[in-house]
Structures are given as C-alpha cells and as structure tokens.
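Participant: predicted model and sequence follow; I will ask about them next.
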Amino acid sequence: MSIVYVSGTFDLFHSNHLKMIQYGRGLGNTLIVGVSTDELVSSYKKPPAVPFEERIAIVEGLKGPDLVIPQHTLDHEETVSKLNIDIFVIGDDWYGKYDYLKELGVQVFYLPYGMGVSSSNLKKKIYDQYADMIKESDEHPIPEPKEK
C-alpha cells in the first residue's frame, strides 16, 4: 500500500492542476493533497488570487483525493514522516527542490506542467485584458455638446 502526497497552491484552478492530482491518484493507493495556505504562498511570491478556504474547498470537491490538508510549510520532512508518505508529487517548476526527500525513502515526481497554462499566465492574461478594457473606455472621442 503506497501513500501519495501531491503538493500545490491550486490558485485559479485549471487543467494542469487536475492532471497533477490525477497523476498522483494513479501512483498509489491513498492520495493526500496538500493545499498551500495564503500565508505560506505570500512568504515567497504574491498572494493567491483565490483565498485558501475556496482553494481547499475546490480540491476537496474532486473525486481523486482521499484527504485534503492545509500545507503550512515548504519543508515536507515532517509531513512525510507523520503521514508515512511514499511518493511526493509537485509541478516541475520546483524541479530539484525536493530531492532531499529521496534520502527519506520517498519517490519524488516532478510533473511536467504543460505548455501555457499556469495560474501566473492566467493572472497576466486577465490583467492584460483588463488594462486593454480600461484603455478603451478611457480613450474615446468626446462628443461635442448639442447646442439648443
């Protein structure tokens, strides 16, 4: 029996998040998904667009995970030890960062994230579209007032 742990922020939930969770589901018998708290994410980059309570509820609503837990730290030694994790899965943007878990007997998989779809790319696209919309609304010809 193997226990798989999938780690992520899962902000602006998209197809690559789902693929990573499904991949983890296929690697073992029990799937635990750790969702990073807002405080944790804010410690190394901008805060998530979607609040923690909503992100964890979205992941809990999926059929794949057996358990969904808050993730308070990027150091997973304690989590691996307490939950007897055999397999650790994370996106390949973290490649190499969790190799230390191999010394604890944990298999580490860095899932290739796929082209183009990421929360950061989605945020940029939304921002750019919003900026264009504001520009269009602000830069328009001013009509001449009608004379009576």
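Facilitator: That came through fine.
Participant: only the buried residues of stretch 94-107, if you could.
Facilitator: Y98, L101, V106 (16 or more other CB atoms under 10 Å). Every residue, glycine included, has its C-beta placed from N, CA and C.
Participant: over to stretch 6-22?
Facilitator: Neighbour counts using 16+ other CB under 10 Å place 6-13, 16-17, 19-21 of stretch 6-22 among the buried residues.
Participant: let's see which of these end up in helices.
Facilitator: N16, H17, K19, M20, I21 (DSSP state H).
Participant: is the third one in contact with D92, as I believe?
Facilitator: No: the pair formed by K19 and D92 falls short of the contact definition of CB atoms under 8 Å, at 12.0 Å.
Participant: averaged pLDDT, stretch 26-43. What do you get?
Facilitator: The average pLDDT within stretch 26-43 is 97.
Participant: hmm, who's touching it?
Facilitator: Contact with stretch 26-43 is made by 1-11, 21, 24-25, 47-48, 51-52, 55-56, 59, 64-74, 79, 83, 85-87, 89, 109, as judged by CB atoms under 8 Å, 6 or more residues apart in numbering.
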